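Visitor: I would like to see how this sequence folds:
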Amino acid sequence: MAQFLSEAWFSEVDAIKSELGEPAAPEAIQDIILNVVITEHPEGDKSVRMEGGSFQQGHADNAGAKITLPYGVAKAMFVDRDQQAGMQAFMSGELQVEGDMTLLMQMQSAGAPSDEAKTFAKRVAAVTEA
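Guide: I've put the predicted structure just below:
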């Protein structure tokens, strides 16, 4: 098990991708690139990007927006799939957005994940420390 967004976690996710293949992102978000800053990570702040629905290390020069949020909120949103955590964090100011806010709304309205995406997400959650 590895901490969300740590080097070990990315290695675990890469192994899952090798085994299962990476599920296709919904068409509505395939071209979206968001830079993400995770504060309060146990290893220090993390700079990652969400590209086509998948986390990658580092930021992209062509990202349409940047979100900044604390580690606990990020884990709840992206690993535990708790959409309420994201909404609450935004309303309380814990989740900050710079750039094109419509990209976040587009991601939120992308629809239900495919069965393959659900299986992939369960495997990722299983290798992510609680």
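Visitor: so where do the strands sit in the protein?
Guide: For the chain, the strands identified by DSSP state E occupy 33-39, 46-51, 54-57, 65-70, 96-99, in order along the chain.
Visitor: where does the prediction get shaky in this protein?
Guide: Per-residue confidence of the chain (counting by pLDDT under 70) places no residue in a weak region.
Visitor: go through it and flag its longest helix.
Guide: Across the chain, the helix with the greatest residue count (assigned by DSSP state H) is helix 7-20.
Visitor: between that helix and strand 46-51, how many degrees?
Guide: Using axes from the mean of the first three to the mean of the last three Cα atoms, to 10 degrees, one finds that helix 7-20 and strand 46-51 are set 20 degrees apart in direction.
Visitor: tell me the helices and strands packed up against helix 7-20.
Guide: Using 3 or more Cβ pairs under 8 Å, 6 or more residues apart in numbering; DSSP states H and E as the contact criterion, the neighbours of helix 7-20 among helices and strands are strand 54-57, helix 115-126. For the C-beta atoms, the positions are set from N, CA and C on the backbone; glycine is no exception.
Visitor: okay, now the sheet partners of the shortest one, with direction.
Guide: Looking back up the chat, that one is strand 54-57. Paired strands of strand 54-57, with direction, are strand 46-51 (antiparallel) (DSSP bridges).
Visitor: send over the partner strand as CSV, restricted to the C-alpha atoms.
Guide: This file holds the C-alpha atoms of strand 46-51, laid out as CSV (Å, rounded to 0.1, in the frame of the first residue of the first chain):
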residue,chain,number,x,y,z
LYS,A,46,2.6,17.7,-4.7
SER,A,47,2.3,19.2,-8.2
VAL,A,48,0.4,16.8,-10.5
ARG,A,49,-2.0,17.1,-13.4
MET,A,50,-5.2,15.3,-14.4
GLU,A,51,-5.0,14.6,-18.1
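Visitor: possible to save the strands of the chain as TSV with distance to Glu7 and mean neighbour count?
Guide: Converted to TSV, these look like this (distance: least, Cβ to Cβ, whole Å; neighbours: other Cβ atoms under 10 Å):
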stretch	distance to Glu7	mean neighbour count
strand 33-39	14	20
strand 46-51	10	19
strand 54-57	8	14
strand 65-70	20	19
strand 96-99	26	14
